[in-house]
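**Student:** 3D model of this:
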Amino acid sequence: MTRTPAKTVDDAITSRYSCRRFIDRAVTREQIEHLLDVARHAPSGSNTQPWQVYVVTGETKEAISAAIVADLQTNDERQEREYQYYPVEWYEPYLARRRACGWGLYNSLGITRGEPERMKAQRTRNFTFFDAPAGLLFTISRRLETGSYMDVGMFVQSFMVAARGLGLDTCAQAAFANYHELIRPVVGISDDEILICGLALGYADVDAPENQFRTERTDVEDFTTWIGL
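**Tutor:** Below is the predicted model of the structure:
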């Protein structure tokens, strides 16, 4: 059983979630090309369209996963991302939200604080693309600036929303950026590019407990200031 394709834009946006287990069902090149064709209409500053995309499947995807998983055996987690994603010091309300997300996922799998090996095993699944049949890697030229990161984010979001229209699910994965040195030679990413993130694409395993977990979202009034209305 797979998820019903989204019928409206609102449904596509609100039904999207970070899928962390996929079934063994192929995604075709035609499907991926369609999603990229839709996503390329994402806005970008002065229409610069700064994104570059590497689509990996089959042996190439497995080679990426094997290299990272092997590295994890001796190096608990690389911290070689070429850009600063998170704050150096966490503070509220962001710290509480981050913890709720992490522990909510672990709790859905019955993983407790006293089980570091099970936690590591779940983190490692990031790098097998959560068993998805296809993975994407997004890069930009390292000569670009902060605005281009925003552009890539809108492109990735457009891709993920469009995927829901085909009944597909996704998981955006910044964790791959920590392993750009291992990924570059496998995929052929040049030194002129910064790896922003990866993305898993496929059909969700709707019965998997980790796919029952949903993060909470704040109410509109918590982040909106109305002026003149």
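**Student:** and the biggest helix by length in the chain, how far from the chain's centre?
**Tutor:** For the chain, the longest helix by residue count, based on DSSP state H, is helix 146-165. Counting by CA atoms, centre = their mean, to the nearest Å, helix 146-165 is centred 11 Å from the centre of its parent chain.
**Student:** And it, what does it pack against?
**Tutor:** Here helix 146-165 touches helix 9-15, helix 29-39, strand 134-141, strand 169-173, strand 193-202, going by 3 or more CB pairs under 8 Å, 6 or more residues apart in numbering; DSSP states H and E. For every residue, glycine as well, the C-beta is placed using N, CA and C.
**Student:** Any chance of JSON lines for the ones you listed, columns mean pLDDT, mean neighbour count and distance to Thr74?
**Tutor:** Output for the helices and strands packed on helix 146-165, formatted as JSON lines (pLDDT from 0 to 100; neighbours: other CB atoms under 10 Å; distance: least, CB to CB, whole Å):
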{"stretch": "helix 9-15", "mean pLDDT": "98", "mean neighbour count": "14", "distance to Thr74": "40"}
{"stretch": "helix 29-39", "mean pLDDT": "98", "mean neighbour count": "15", "distance to Thr74": "34"}
{"stretch": "strand 134-141", "mean pLDDT": "98", "mean neighbour count": "22", "distance to Thr74": "24"}
{"stretch": "strand 169-173", "mean pLDDT": "98", "mean neighbour count": "23", "distance to Thr74": "22"}
{"stretch": "strand 193-202", "mean pLDDT": "98", "mean neighbour count": "24", "distance to Thr74": "22"}
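**Student:** out of these, nearest to Ser65?
**Tutor:** strand 134-141 (8.7 Å; CB to CB).
**Student:** list the buried ones in the helix or strand of the chain at the bottom of the mean pLDDT ranking?
**Tutor:** Taking mean pLDDT, DSSP states H and E as the measure, the chain has helix 116-124 as its least confident helix or strand, at a mean of 92. Using 16 or more other CB atoms under 10 Å as the burial criterion, the residues of helix 116-124 that qualify are Met119, Gln122.
**Student:** Just the CA atoms of that helix, as PDB, please.
**Tutor:** Output of helix 116-124 as PDB, limited to C-alpha atoms (Å, rounded to 0.1, in the frame of the first residue of the first chain):
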ATOM      1  CA  PRO A 116      23.300   4.700  22.200                       C
ATOM      2  CA  GLU A 117      24.000   1.900  19.800                       C
ATOM      3  CA  ARG A 118      20.300   1.900  18.600                       C
ATOM      4  CA  MET A 119      20.500   5.600  18.200                       C
ATOM      5  CA  LYS A 120      23.600   5.300  16.100                       C
ATOM      6  CA  ALA A 121      22.000   2.600  14.000                       C
ATOM      7  CA  GLN A 122      19.100   4.900  13.300                       C
ATOM      8  CA  ARG A 123      21.400   7.800  12.400                       C
ATOM      9  CA  THR A 124      23.300   5.500  10.100                       C
END
